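Trainee: give me a model of this one.
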Amino acid sequence: MLKEVFLGIDNFTLYDLIQNQRFGVEYQPIVELSTGEIAAWEGLARFYDSDDNPLRPDLVFEALHADELSLFNIEYQMKWLQLTSAPEGDTLFLNIDPHAFALFGSDERNPLLELLKGKPNLVVEIIENTDASDAIYSSGMGKAYREHGLKIALDDIGAPDSMLSFDILLSVDFLKLDRSWIKNQNKENYEHLLNALCQFAKASNKKLILEGVEREEDLLFARQLGVDYIQGFLYREQFISYKS
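Mentor: This next block holds a predicted model:
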């Protein structure tokens, strides 16, 4: 049963959202740093209330975690929408909730596995973990998608509320550096840790994506790091929005 209230998302709002499919997608470009050209897109979930006001996606998903089947249902519908509405021809990054995937696990009949497997130019994003059980879910999900030929990205590396799983770090194709690295770049020892991550990525042939690029100064920081791709509100004018 869904919680009555969870961080401002109440049962009535959540029920209305699910029943009336008040969903949307925002596609944000992932830009190749060396050329300035769009190399891929990330499809991000967007939700709205009955008055068409945007709801914070993280709060919606937090509320849905109280009901595994509802969480899975919304995650599946969002992935279907993100796939079918995506810009044609470009690589697409999709963030999959490991808790939703875990409901059916690596079983071949898992609808989230069936929906994505065999799709060309698709990268599955695994979110950084908040505890050991999340790491287990994420690792199993990544393994299942890799076995079906999909590339994997590790999202939000270095986010303040996350933990780093070395097993996942070693197995992915893309490393997405959280926006907090830009904010904390001048703090003691942050530079050493970030440089070590970048050196590891290059030595292991993994591509680096810096998130949260908003200013020209951030762009300079990305060049100094030598990342492969960048993403953020510096490219807001090129965002693409779609509602179901």
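Trainee: quick one, phi/psi of the residue located most distally from the centre of the chain?
Mentor: Residue farthest from the centre of the chain, counting by CA atoms, centre = their mean, is E188 at 28.2 Å. As for E188, its main-chain torsions (degrees, to the nearest 10) stand at phi -60, psi 130.
Trainee: pretty sure L122 contacts L92?
Mentor: Yes. L122 is within contact range of L92, at 5.6 Å (criterion: CB atoms under 8 Å). All C-beta spots, glycine's among them, are computed from the backbone N, C-alpha and C.
Trainee: quick one, strands of the chain?
Mentor: Remark: strands assigned in the chain by DSSP state E are 5-6, 9-10, 23-32, 38-48, 54-55, 91-95, 122-126, 151-157, 174-177, 207-210, 229-230, 240-243.
Trainee: need the ones you listed in JSON lines (columns: mean neighbour count, distance to D167 and mean pLDDT).
Mentor: Shown next, in JSON lines, are the strands of the chain (neighbours: other CB atoms under 10 Å; distance: least, CB to CB, whole Å; pLDDT from 0 to 100):
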{"stretch": "strand 5-6", "mean neighbour count": "15", "distance to D167": "31", "mean pLDDT": "40"}
{"stretch": "strand 9-10", "mean neighbour count": "18", "distance to D167": "33", "mean pLDDT": "84"}
{"stretch": "strand 23-32", "mean neighbour count": "21", "distance to D167": "25", "mean pLDDT": "98"}
{"stretch": "strand 38-48", "mean neighbour count": "21", "distance to D167": "24", "mean pLDDT": "97"}
{"stretch": "strand 54-55", "mean neighbour count": "14", "distance to D167": "34", "mean pLDDT": "94"}
{"stretch": "strand 91-95", "mean neighbour count": "21", "distance to D167": "19", "mean pLDDT": "97"}
{"stretch": "strand 122-126", "mean neighbour count": "23", "distance to D167": "11", "mean pLDDT": "95"}
{"stretch": "strand 151-157", "mean neighbour count": "22", "distance to D167": "11", "mean pLDDT": "94"}
{"stretch": "strand 174-177", "mean neighbour count": "25", "distance to D167": "14", "mean pLDDT": "97"}
{"stretch": "strand 207-210", "mean neighbour count": "24", "distance to D167": "19", "mean pLDDT": "98"}
{"stretch": "strand 229-230", "mean neighbour count": "24", "distance to D167": "24", "mean pLDDT": "98"}
{"stretch": "strand 240-243", "mean neighbour count": "14", "distance to D167": "34", "mean pLDDT": "94"}
